[in-house]
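> only geometry, no sequence info:
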């Protein structure tokens, strides 16, 4: 509880995308370009973290 009082919270958006073939999703050139576009738009003021679920067919 002591740590919680000094921890700075940041806004976040969590989205799930159903992907039957997670490996193929990450190899997709359009997906790679889209992620890069968002990173550029954030311009160091935020971040995008895209990862596959280990237990469900979700990205």
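Received, thanks. What you see is a predicted model; the values in this text were computed from it and never measured.

> CA only for contacts and neighbour counts going forward, please
OK.

> list the contacts of residue 50.
residue 59 (CA atoms under 8 Å, 6 or more residues apart in numbering).

> need phi/psi at it.
Backbone torsions of residue 50, given as degrees, to the nearest 10, read phi -110, psi 120.

> what distance do you get for it to residue 4?
As for residue 50, its distance to residue 4 is 26 Å (criterion: CA to CA, to the nearest Å).

> and the longest helix seen in the chain, what's buried?
Longest helix in the chain by number of residues (criterion: DSSP state H): helix 29-42. Of all the residues in helix 29-42, those buried under the rule 16 or more other CA atoms under 10 Å are residue 39.

> ditto for stretch 49-59
52, 58, 59.

> distance between the ends of it?
10 Å.

> separation between residue 9 and residue 3?
12 Å.

> next SSE after the lowest-mean-pLDDT helix or strand in the chain?
Within the chain, confidence by mean pLDDT, DSSP states H and E is lowest for helix 2-6 among all helices and strands, at a mean of 84. Sequence-wise, the next helix or strand downstream of helix 2-6 (DSSP states H and E) is helix 22-27.

> quick one: mean pLDDT over that following helix.
For helix 22-27, mean pLDDT is 92.

> let me see the contact set for residue 17.
Residue 17 neighbours (CA under 8 Å, 6+ apart): 58, 59.

> list phi and psi for it.
The phi/psi pair for residue 17 (degrees, to the nearest 10) is phi -130, psi 120.

> try residue 58
Dihedral angles (degrees, to the nearest 10) for residue 58: phi -130, psi 150.

> quick check: bridge partners of it?
Counting by DSSP bridges, residue 58 forms beta bridges with residue 18.

> wait, doesn't it sit right on residue 23?
No - when contacts are counted by CA atoms under 8 Å, residue 58 is not listed as touching residue 23 (11.2 Å).

> this completes my enquiry, with thanks.
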